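In: Attaching a predicted model along with its sequence, questions to come.
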Amino acid sequence: MTSSQLFVAFWTIVTKEVRRFTRIWGQTLLPPAITMTLYFIIFGNLIGSRIGEMGGFNYMEYIVPGLIMMSVITNSYGNVVSSFYSTKFQRNIEELLVSPIPHWVILCGYVIGGVSRGLAVGFIVTLLSLFFTDLQISNIAITVSIVFLTAVLFSLGGFINAVFANSFDDISIVPTFILTPLTYLGGVFYSISLLPDFWQGVSMLNPILYMVNTFRYGILGVSDINVGFAYSMILLFIVILFSVSLHLLKSGKGIRS
Amino acid sequence: MLQPLNEDRVAHTMLTPANQDQFMTTALSINNLRKVYGNGFEALKGISLQVEEGDFFALLGPNGAGKSTTLGIVSSLVNKTEGSVSVFGHDLERELSKAKMCLGVVPQEFNFNMFEKVIDIVLTQAGYYGIPLKVARERAEFYLRKLGLWEKRNERARMLSGGMKRRLMIARALIHNPRLLILDEPTAGVDIELRRSMWDFLQEINAAGTTIILTTHYLEEAESLCRNIAIIDHGTIVQDTSMRELLAQLNTETFILDITPAQQQAPQLKGYRSELVDDHTLVVEVEREQGMNAIFQALEAQDIQVSSMRNKANRLEELFVSLVEQNLEQEKA
């Protein structure tokens, strides 16, 4: 395929993905908006007002970056895992497999589809947060780049989950038992400096901590961890997960007999 | 209903496959193809098959014979174990992208997103082949009109009838103007009238240059459409010949005669095996070297009139059953 044909194919997958999550907006865009509004009201306003400052900011200001990042993580992951698994389940993956699109274009298309939903939800949650607090962005480049890279990383994670999934139960196991606990323990609601040394050490093993803190650094200018190290780790994980995903597509794991 | 061909330039351009070579070539070449599934089942035992450009080719076989596995490997939906496949000279291992560009596939089961609109399904498939949206829209309109689906273009696919869904899969498979179209039971569950109009459409695109490989359980369909035929059974090719040569192998045909007046016992037909099914129905087996005239003369001599006559089974069906039975006996031996 020529480069223009490759771009048409890539863009077709992206628009198909965007069309899907906007068509079912009541399942994809509305729930995180409601959930995050509740978080802002309950944790930010009601409980937060009694907590006082965290990292030099009031509690609402402190948790907003974490909650935006949490929305981006869960939605970019959830979009790819549910969309690609549905494509397998309904067998319309065959439309892709018979076509001449290279595997890397298929993967990039699904990843950017996941990123689109992650960013769309992140944007909605950011707008909602403005009803509760003034959001001053300390470093726009870091804010935008980290949210994009995080969405890419979790879209890849969702893709791998979908490849291995054999039932709709399988696509909810990882988000429920791994993603949600890691997100809650990844410094969304608290600074790890509040933890004893041992648990601080354990928290440093949680990759989501790096993303949440780097994003918080981009907005508030404060972080529990080294931002440069966080970027390195995220890029490394993206390379690893992209390679694994591409290998799975090439081998036909879960999609070809 | 399918729309008749508009004999204008657009129709001719649309129906003519892309990148058609000036000289005839082999559309599909399969060599020593073998497939062993993960559970150890050997679905294909080293089959070889050639389909020439422009052919209308039937691939027949009983359920589980290996037809869908063969077509699955050609369509890149199934991984082969051994052997090679090339489409218009493009080997699937070395030139997969070029091979896929030449190939359109209509699968046996519905495999589109039931929640998408008809037009989106076709346009998305065009996009997968890198066709710009403007061109894709023109082609989508042409094929959807041709297949009687244009009025349904904004309906969700799940709202279509079974016949419409089958036609949608044909429109989708043709959107990139493939040189080779594979149809895996395209008329299953489609009523007679629509089936015949689909045959006309397939003959039309075949006449315009598209090579077609068809699998079907309607042997009448294969007999009336296809010029060449392969029969596959238990993972091996048991026949690979022209339809004419295959039908010439048929030694015996069975005819059902409606006779008057009512008979209590079978009339005397010297040299023929016959059976009186009921008082008005006579079944007669006729061997290739025997004529039919002697039957009519013998019946007339007994004051019996033949009011109508038909084949007991489709000719290809009789051959198909005998070939599959022979193969089964050979395997047992």
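Out: Right, received. Where do you want to start?
In: now the strands for the stretch 1-150 of chain B?
Out: B:26-36, B:42-52, B:56-60, B:82-87, B:90-91, B:103-106 (DSSP state E, counting those that start in this stretch).
In: Identify, out of these, the most deeply packed stretch.
Out: Mean neighbours per residue, mean count of other C-beta atoms under 10 Å in any protein chain shown, is largest over the strands of the stretch 1-150 of chain B for strand B:103-106, with a mean of 26. No exception for glycine: its C-beta is placed from N, CA and C like everyone else's.
In: can stretch A:1-15 be found next to chain B?
Out: Yes - looking at stretch A:1-15 against chain B by C-beta under 8 Å from any C-beta of the partner chain, the contacts come from A:1-2, A:4-6, A:8-9, A:11-13, A:15.
In: now the residues you listed in JSON lines, with neighbour count and secondary structure?
Out: Conversion of the residues of stretch A:1-15 next to chain B to JSON lines gives the following (neighbours: other C-beta atoms under 10 Å in any protein chain shown; DSSP: H, G, I helix; E, B strand; the rest coil):
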{"residue": "A:1", "neighbour count": "19", "secondary structure": "coil"}
{"residue": "A:2", "neighbour count": "8", "secondary structure": "coil"}
{"residue": "A:4", "neighbour count": "10", "secondary structure": "helix"}
{"residue": "A:5", "neighbour count": "20", "secondary structure": "helix"}
{"residue": "A:6", "neighbour count": "17", "secondary structure": "helix"}
{"residue": "A:8", "neighbour count": "21", "secondary structure": "helix"}
{"residue": "A:9", "neighbour count": "26", "secondary structure": "helix"}
{"residue": "A:11", "neighbour count": "15", "secondary structure": "helix"}
{"residue": "A:12", "neighbour count": "26", "secondary structure": "helix"}
{"residue": "A:13", "neighbour count": "24", "secondary structure": "helix"}
{"residue": "A:15", "neighbour count": "18", "secondary structure": "helix"}
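In: What is the most widely separated pair among these?
Out: Greatest spatial distance in those: A:2 and A:15, 19.6 Å, computed using C-beta to C-beta.
In: and residue A:233, what pLDDT?
Out: Residue A:233 is assigned 87 on the pLDDT scale.
In: quick one, what contacts it?
Out: With contact set as C-beta atoms under 8 Å, 6 or more residues apart in numbering or on different chains, residue A:233 has these partners: A:207, A:210.
In: now it: how far from chain B?
Out: Note on residue A:233: its distance to chain B, by C-beta to the nearest C-beta, to the nearest Å, is 35 Å.
In: Could you check how far that residue is from residue A:139?
Out: Distance, residue A:233 to residue A:139, using C-beta to C-beta, to the nearest Å: 19 Å.
In: Also residue A:211?
Out: For residue A:211, the distance to residue A:139 (C-beta to C-beta) stands at 15 Å.
In: Compare these two (neighbour count), which wins?
Out: For residue A:211 and residue A:139, the more surrounded residue by other C-beta atoms under 10 Å in any protein chain shown is residue A:211, and the numbers stand at 30 against 16.
In: Ramachandran coordinates for the residue nearest in space to the middle of chain B?
Out: In chain B, the C-alpha nearest the mean C-alpha coordinate belongs to residue B:214, at 3.1 Å (C-alpha atoms, centre = their mean). Phi and psi for residue B:214, reported as degrees, to the nearest 10, are phi -130, psi 130.
In: contacting residues for it?
Out: Counting by C-beta under 8 Å, 6+ apart, residue B:214 makes contact with B:56-59, B:183, B:186, B:202, B:221-222, B:225-226.
In: Tabulate those residues (JSON lines), appending distance to residue B:122 and pLDDT.
Out: Converted to JSON lines, these look like this (distance: C-beta to C-beta, whole Å; pLDDT from 0 to 100):
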{"residue": "B:56", "distance to residue B:122": "24", "pLDDT": "93"}
{"residue": "B:57", "distance to residue B:122": "26", "pLDDT": "93"}
{"residue": "B:58", "distance to residue B:122": "27", "pLDDT": "91"}
{"residue": "B:59", "distance to residue B:122": "26", "pLDDT": "91"}
{"residue": "B:183", "distance to residue B:122": "17", "pLDDT": "92"}
{"residue": "B:186", "distance to residue B:122": "16", "pLDDT": "84"}
{"residue": "B:202", "distance to residue B:122": "18", "pLDDT": "91"}
{"residue": "B:221", "distance to residue B:122": "25", "pLDDT": "80"}
{"residue": "B:222", "distance to residue B:122": "28", "pLDDT": "83"}
{"residue": "B:225", "distance to residue B:122": "24", "pLDDT": "86"}
{"residue": "B:226", "distance to residue B:122": "27", "pLDDT": "90"}
